[in-house]
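this is the structure alone, sequence omitted:
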């Protein structure tokens, strides 16, 4: 019989020998493992919290207190806490670099191995050691954003991002163009939000004519897995303006590819690339970039 986690144990009988002892029934290790499994989406070993790695004045890494999870069987997960520690790494190479993988085992042992981590361990960080280094403070982390085990049903955050790479204030002259391709993988059926941000201006060159009443537009198409999913039109004014558009889609578990197309719609004059070209802004003077972000909202219920 399952006993609710957090409830006190209950006496279900007595053991008469060698002396009378009460028999209690409560939560089992398997109950706890199923409860931990219910909290996280991660199926493999993963870091839950802490375990920040830093360099030291010797050939050791300092690792803070942390907790990692490991598979424990069908619908079972084991949580392994481990204390702050230091872990030694071999002398630096005499030439080139070496990648140190710092990881924790399902026994809570923090270890280092060059080139890769063993299967069945949870990765804490990856440090690149330069030639002839005598302290790990000379090494630099190459892991990027630390990845923690996500809670079941919680947002995965930003899953893909594209930014237009043309130079700041460059003329936009293509009648139709594939602007960017994004590929990402979802662990389960998810709801994602796609946010397009555009920062354009239709700018008069060489004082040809008046600005008043001149406008342009672009048609933006979102293609998801080779299917057209959404089409919008965003106008371009005769002054710089940031415009945004958002849409939400339900996507199945697996790998997805988004293609973003831009097609010229309305033009200001018969010579849009000459007297009234559209230009874009990026970064300078705090103008935001033209971009597309894909954010995970949560699981599909």
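Yes, it's here. Quantities reported herein were computed from a predicted structural model and do not represent experimental measurements. Numbers count the residues shown, from 1 in each chain.

contacts, neighbours, all on C-alpha from now
Will do.

this structure - how does it break down into domains?
For the chain, whose domains are defined here by automatic domain parsing, the residue ranges read 10-152, 157-299.

so how far does the last one reach from one end to the other?
Looking back up the chat, that one is domain 157-299. 12 Å (CA to CA, to the nearest Å).

off-centre distance for it?
Domain 157-299 has its C-alpha centroid displaced from the chain centroid by 22 Å (CA atoms, centre = their mean, to the nearest Å).

begin at 48 from here
OK, 48 is where the count begins now, so the last one is domain 204-346.

tell me the contacts of residue 195?
When contacts are counted by CA atoms under 8 Å, 6 or more residues apart in numbering, residue 195 is found next to 93, 94, 95, 96.

burial check on the residue nearest to residue 222 when sequence neighbours are not counted, number of neighbours?
Among residues not flanking residue 222 along the chain, residue 311 sits closest, at 5.0 Å (CA to CA, 6 or more residues apart in numbering). Other residues near residue 311 number 17, with proximity taken as other CA atoms under 10 Å.

residue 311 and residue 218, how far apart?
13 Å.

same question, residue 269
Taken as CA to CA, the spacing of residue 269 relative to residue 218 amounts to 23 Å.

what's near enough to touch the residue nearest to residue 222?
If you count contacts by CA under 8 Å, 6+ apart, then residue 311 has 221, 222, 223, 264, 265, 266 around it.

report how many residues lie close to the third one.
Burial of residue 223 is recorded as 14 neighbouring residues (other CA under 10 Å).

quick one, what contacts it?
By CA under 8 Å, 6+ apart, the contact set of residue 223 is 308, 309, 310, 311.

ok, now residue 268?
By CA under 8 Å, 6+ apart, the contact set of residue 268 is 275, 276, 277, 278, 279, 307, 308, 309.

between these, which is closest to residue 111?
Set against residue 111, the nearest of these by CA to CA is residue 307 (42.5 Å).

give the contact list for the closest one.
With CA under 8 Å, 6+ apart as the criterion, the residues that contact residue 307 are 225, 226, 227, 228, 267, 268, 269, 270.

mind giving me the ChimeraX select for those residues, buried ones only?
The following ChimeraX selection, which keeps only the buried ones among the contacts of residue 307, applies the criterion 16 or more other CA atoms under 10 Å:
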select :226,227,267,268,269,270
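
of the contacts of residue 307, which pair is most distant in space?
Using CA to CA for every pair in the contacts of residue 307, the one that comes out farthest apart is 228 and 267, at 13.5 Å.

still on that earlier bit, for the contacts of residue 268, which two are the farthest from each other?
Checking these against each other with CA to CA, the farthest-apart pair comes out as 276 and 309, at 14.1 Å.

so which of the two has more stuff around it?
The residue with the greater number of neighbours, taking residue 276 and residue 309 and applying other CA under 10 Å, is residue 309; the counts read 20 against 13.

contacts only, for the more buried one.
223, 224, 225, 226, 265, 266, 267, 268.

so residue 85: helix, strand or coil?
Going by DSSP: H, G, I helix; E, B strand; the rest coil, the secondary structure assigned to residue 85 is helix.

not counting sequence-adjacent ones, nearest residue to it?
What sits nearest to residue 85 in space, not counting adjacent residues and going by CA to CA, 6+ apart, is residue 199, at 7.2 Å.

surely the one you found is in contact with residue 87?
Yes. Residue 199 sits in contact with residue 87 when judged by CA atoms under 8 Å, with a separation of 4.7 Å.

thanks a lot, see you next time.
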